[in-house]
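**Student:** Sequence plus predicted model, see below.
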Amino acid sequence: MVGGVVVSVVSGSVPQSLLFCPQHLQSQLATRIVAGKRPAKKLHFTLSRSSHLRFSKVQTSPRQTSLHTMDVDLEANLEDAEKLKRGIAEFYDESSGIWEDIWGEHMHHGFYGPNSTVSLSDHRVAQIRMIEEALHFASVSEDLSMKPTSIVDVGCGIGGSSRYLARKYGAQCIGITLSPIQAQRAQSLAAAQGLQDKVSFQVADALNQPFPDGKFDLVWSMESGEHMPDKTKFVQELARVAAPGATLIIVTWCHRNLLSSEQSLLPAEQNLLKRICDAYYLPAWCSSDDYVRILQSLSLQDIKTADWSDYVAPFWPAVISSAMSWKGITSLLRSGWKTIRGALVMPLMIEGYKTGLIKFAIITCKKPS
Ligand SMILES: C[S@@+](CC[C@H](N)C(=O)[O-])C[C@H]1O[C@@H](n2cnc3c(N)ncnc32)[C@H](O)[C@@H]1O
């Protein structure tokens with residue numbers, strides 16, 4: 001038991017004295033520490049009940065001592081996480097068919113040139129370009145002897161990236177999603193495209209992946225990170241399944257980086273994100289700086305990040321206009337409430353990008369060899 005002991009903490013690491021704690025408690029703790037805008041130098045932990053962690057910041061710098069206590073109800077957090085997972089699975093079970101009908105097999109933003117005006121078929125090209133730009137940004141080799149051979153697609157949707165990457169590199173690829181309907185559809189598209197020996201799909205949680213350590217030489221997460229309630233655990237799992245020397249690519253929605261004078265987003269910004277979260281089954285957002293801190297705490301190398309918000313600007317207006325088409329409206333009316341509610345908040349995504357609150361971020365790194 002830790003009760004009453006003051007322990008020194010390096011930002012992002014779990015103190016030795018807590019290593020006996022259950023895994024979920026450790027990662028909760030690491031998240032709190034990493035997400036802290038000012039890394040705490042000393043923290044005071046008390047396990048008040050088996051499911052409660054009392055968390056007091058007692059010293060924030062050698063000169064300054066501030067005392068505040070935060071009670072983390074771990075059981076309630078776990079229940080919330082289960083509820084979120086169910087919501088995500090149901091949301092994609094319900095909406096993936098409509099999306100595929102109108103937009104095809106890729107469920108992510110397109111990457112566009114500046115000031116582009118584009119037709120729907122160009123959007124599909126832009127979605128492929130997004131994959132290519134991400135690979136290029138991460139310096140994934142085109143060289144035959146260095147190209148990836150074993151890939152995991154974390155949060156795979158209906159497998160558009162998995163099939164594209166497997167075909168491009170001649171690699172084996174496994175995709176995971178929370179949605180059983182997506183996994184089934186991904187598998188039948190693979191069979192229809194003659195890729196059944198190269199790709200496979202399963203329902204599995206990105207935060208607890210059913211793979212051994214070091215299995216993959218390319219770890220790919222295209223627009224799934226925003227759904228993860230525990231960003232530290234998410235990145236830890238990506239790093240765990242990565243082979244030594246593997247490339248990790250995370251393309252995800254973030255909120256803007258905070259200024260050094262800020263402790264949090266403005267209330268109006270938080271309110272806008274909350275409305276988006278409710279409709280798209282998203283937990284709290286983080287910034288690309290937060291991701292970088294997590295990657296650094298795990299000693300990952302060659303960390304690179306970029307803000308691609310300007311390159312994706314035409315995407316949401318196009319999604320809205322496709323939803324307003326005759327086909328879009330009739331499909332929406334045949335779908336369920338979750339899909340309709342998702343459609344209703346689309347303008348908030350545009351507002352978020354326009355005000356600079358929402359950022360479309362790419363974050364890449366390598367696992368040390
Ligand atoms: C917007 S879709 C992106 C799909 C795909 N990456 C693409 O680009 O076409 C988000 C995906 O993340 C998956 N996802 C969300 N949370 C997840 C989790 N905890 N574990 C596994 N997959 C998850 C969803 O099931 C869905 O397939």
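**Tutor:** Done, it's in.
**Student:** now the helices for the stretch 101-250 of the chain?
**Tutor:** 120-137, 160-169, 180-192, 231-241 (DSSP state H, counting those that start in this stretch).
**Student:** Get me the contact residues on the chain for the ligand.
**Tutor:** Residues of the chain lying close to the ligand (CB under 6 Å from any ligand atom) are 88, 92, 106-108, 155-157, 160-161, 176-179, 182, 205-207, 222-224, 227-228. The way it works is simple: take the backbone N, C-alpha and C, and place the C-beta from them, glycine included.
**Student:** And the residues you listed, which of them are buried?
**Tutor:** Taking 16 or more other CB atoms under 10 Å as the criterion, what is buried in those is 88, 92, 106-108, 155-157, 160-161, 176-179, 182, 206-207, 222-224, 227-228.
**Student:** Now intersect those residues with the strands, please.
**Tutor:** 176, 177, 222 (DSSP state E).
**Student:** Tell me the pLDDT of the second one.
**Tutor:** Reading off the confidence values, residue 177 has pLDDT 98.
**Student:** Just grab the bridge partners of it for me.
**Tutor:** residue 203 (DSSP bridges).
**Student:** Report the contact partners of it.
**Tutor:** 92, 155, 156, 157, 183, 186, 201, 203, 204 (CB atoms under 8 Å, 6 or more residues apart in numbering).
**Student:** Nearest residue to the second one in space, ignoring adjacent ones along the chain?
**Tutor:** Read that as residue 155. residue 224 (2.2 Å; CB to CB, 6 or more residues apart in numbering).
**Student:** ditto for the last one
**Tutor:** Of all residues beyond its chain neighbours, the one nearest residue 204 is residue 176 (4.1 Å), with distances taken as CB to CB, 6+ apart.
**Student:** Could you double-check that the one you found sits in contact with residue 199?
**Tutor:** No - counting by CB atoms under 8 Å, residue 176 stays clear of residue 199, with 11.8 Å between them.
**Student:** Please identify which helix or strand holds residue 338.
**Tutor:** Assigned by DSSP states H and E, residue 338 belongs to helix 337-344.
**Student:** And for residue 348?
**Tutor:** Counting by DSSP H and E, residue 348 is part of helix 346-354.
**Student:** relative to helix 346-354, how tilted is the very next helix or strand once past that helix?
**Tutor:** Remark: after helix 346-354, the chain's next helix or strand is strand 358-366, criterion DSSP H and E. Between strand 358-366 and helix 346-354, the angle comes out at 70 degrees (axes from the mean of the first three to the mean of the last three CA atoms, to 10 degrees).
**Student:** So for strand 358-366, what gets flagged as buried?
**Tutor:** In strand 358-366, counting by 16+ other CB under 10 Å, buried: 358, 359, 360, 361, 362, 363, 364, 365, 366.
**Student:** What residues are bridge-paired with the fifth one?
**Tutor:** Right, residue 362. residue 251, residue 306.
**Student:** Sketch out the low-pLDDT regions of the stretch 151-300 of the chain for me.
**Tutor:** Applying pLDDT under 70 to the stretch 151-300 of the chain flags no residue at all.
**Student:** what's near enough to touch the residue nearest to residue 204?
**Tutor:** Per CB under 8 Å, 6+ apart, neighbours of residue 176: 152-156, 201-206, 209-210.
**Student:** Domains in the chain, by residue range?
**Tutor:** Listed by automatic domain parsing, the domain ranges of the chain are 5-78, 80-366.
**Student:** hey, which of those domains is tucked in deepest?
**Tutor:** domain 80-366 (a mean of 18; mean count of other CB atoms under 10 Å).
**Student:** Many thanks, I have nothing further to ask.
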